[in-house]
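**Student:** Turn this into a model:
(2 chains)
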Amino acid sequence: QITLKESGPTLVKPTQTLTLTCSFSGFSLSTSGVGVGWIRQPPGKALEWLVIIYWNDEKRYNPSLKSRVSITKDTSKNQVVLRMTNMDPVDTATYYCAHNAINYDFPDFWGQGTLVTVSS
Amino acid sequence: DIQMTQSPSALSASVGDRVTITCRASESITSDLNWYQQQPGKAPKLLIYSANSLQSGVPSRFSGSGSGTDFTLTISNLQPEDFATYYCHQTYGTPYTFGQGTKVEIK
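**Tutor:** Numbers count the residues shown, from 1 in each chain, chains lettered A, B, ... in the order given. Okay, the predicted model is just below:
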């Protein structure tokens, strides 16, 4: 059974760096074809794809955020870490991590999401 | 970026109705189109992948069709648990993008 869960701060100040951890079980990020990505959703708005990391450490970024976003994996801990620098109130959103279907690029299992508010 | 446009943005329907939601891509995405259902306060749930493949465990009243730029999600015999927001999502080219959503409400 695949499960994912996001953790991190619920409130960050403008200009600070956000660090979110996705802890997962039921699969390994060392298995060929596996990927874990991040998607966010501002309150009342649509979903926005941010970034994905694959089993072979390949990373794909949303160009609109590439200068601010980084993603890393710790295979031994079954974790993926998202970092986003220079946070702004417009970055207030629920952040989801998700498992990508093997050898596909769409998420098939999602975490419950974590709401991050950016405010001074 | 590939823009995904859903229509309508919202619709009202009754239990038992047949509902159709359309998604149009700004360029051809072949069949790399997926559909998600999102209940309020919950994470999205995968319904359809690769335009017309039903995800395991999803009721057969959900179906998808289309290729290229025009896609459709159909819900036949609408059930109370189907009132939610639906999103299309292209995975043809990065950045992968979502439609703006279609809210299905109770008439």
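**Student:** residues touching A:W38, list them.
**Tutor:** A:W38 sits next to A:20, A:22, A:50-52, A:71, A:82, A:95-98 when contact means Cβ atoms under 8 Å, 6 or more residues apart in numbering or on different chains. C-beta coordinates here come from the backbone N, C-alpha and C atoms, glycine included.
**Student:** By neighbours, which of those wins?
**Tutor:** A:C97 (32 neighbours; other Cβ atoms under 10 Å in any protein chain shown).
**Student:** re the thing from before, if we look at chain B, which of the contacts of A:W38 are close to it?
**Tutor:** Under the cut-off given by Cβ under 8 Å from any Cβ of the partner chain, chain B has A:Y96 from those close to it.
**Student:** hey, where'd the strands end up in chain A?
**Tutor:** A:3-7, A:11-12, A:18-25, A:35-41, A:48-54, A:59-61, A:69-74, A:79-84, A:93-100, A:107-110, A:114-118 (DSSP state E).
**Student:** got it, and chain B?
**Tutor:** So, for chain B - with DSSP E - the strands run B:4-7, B:10-13, B:19-25, B:33-38, B:45-49, B:53-54, B:62-67, B:70-75, B:85-90, B:97-98, B:102-106.
**Student:** State the distance from the spatially most central residue of chain A to chain B.
**Tutor:** The centroid of chain A falls nearest to A:W38 when counting by Cα atoms, centre = their mean (2.8 Å). Distance, A:W38 to chain B, using Cβ to the nearest Cβ, to the nearest Å: 11 Å.
**Student:** can I assume B:K45 is in contact with B:Q37?
**Tutor:** Yes - counting by Cβ atoms under 8 Å, B:K45 does reach B:Q37; the two are 4.9 Å apart.
**Student:** For these two, indicate the residue with more neighbours.
**Tutor:** When neighbours are counted by other Cβ under 10 Å, B:K45 and B:Q37 differ, and B:Q37 comes out ahead with 22 against 17.
**Student:** Would you check that the more buried one makes contact with B:L47?
**Tutor:** Yes - B:Q37 is in contact with B:L47 according to Cβ under 8 Å; the separation is 5.4 Å.
**Student:** Run through the residues of chain B sitting next to chain A.
**Tutor:** B:32, B:34, B:36, B:42-46, B:49-50, B:55, B:87, B:89, B:91, B:94-101.
**Student:** How about the most centrally placed residue in chain B: what's its closest non-neighbour residue?
**Tutor:** Nearest to the mean C-alpha position of chain B, by Cα atoms, centre = their mean, lies B:W35 at 3.9 Å. Spatial nearest neighbour of B:W35, excluding adjacent residues (Cβ to Cβ, 6 or more residues apart in numbering or on different chains): B:I48 at 4.1 Å.
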